[in-house]
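S.K.: Return a 3D structure for these sequence lines:
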Amino acid sequence: ELAAASGLSKYQLLRRFEASYGLPPHRWLLQRRVEVARGLIGGGASIVDAAAISGFADQSHLTRHFTKQLGFTPGAWRHAMLQ
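M.R.: Numbering: from 1, shown residues only. Predicted structure coming up:
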């Protein structure tokens, strides 16, 4: 829908998005969701609640992407923040 509204093919839109933001749209979205979850966890939310609120399917889905993006699990990050 966005490609049609902008008058571009979906492939042109994907290439321009990546050129502008440095990531394809889905990776950008996952990165943003991890950032939101990190803020929620830092604010005292449980990891399960942070996963649900930030749009992940479940805690393991969040943990997989959190670890991939930041290099440690949400629990390890929370523990380090409390030290």
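S.K.: Pull the residues that contact the strand or helix carrying Ala51.
M.R.: Here Ala51 sits within helix 47-53, counting by DSSP states H and E. Residues outside helix 47-53 that contact it (CB atoms under 8 Å, 6 or more residues apart in numbering): 36-37, 40-41, 45, 57-59, 61-63, 74-75, 78. Backbone N, C-alpha and C define where each C-beta goes, glycine included.
S.K.: Are any of those residues buried, and if so which?
M.R.: Ala37, Leu40, Ile41, Ala45, Gln59, Leu62, Thr63, Pro74, Arg78 (16 or more other CB atoms under 10 Å).
S.K.: Now do the third one, the pLDDT please.
M.R.: Reading off the per-residue confidence, Ile41 sits at a pLDDT of 96.
S.K.: which strands and helices sit next to the strand or helix carrying Leu29?
M.R.: Using DSSP H and E, Leu29 falls within helix 25-42. Here helix 25-42 touches helix 10-21, helix 47-53, helix 59-70, helix 74-82, going by 3 or more CB pairs under 8 Å, 6 or more residues apart in numbering; DSSP states H and E.
S.K.: Many thanks, we can stop here.
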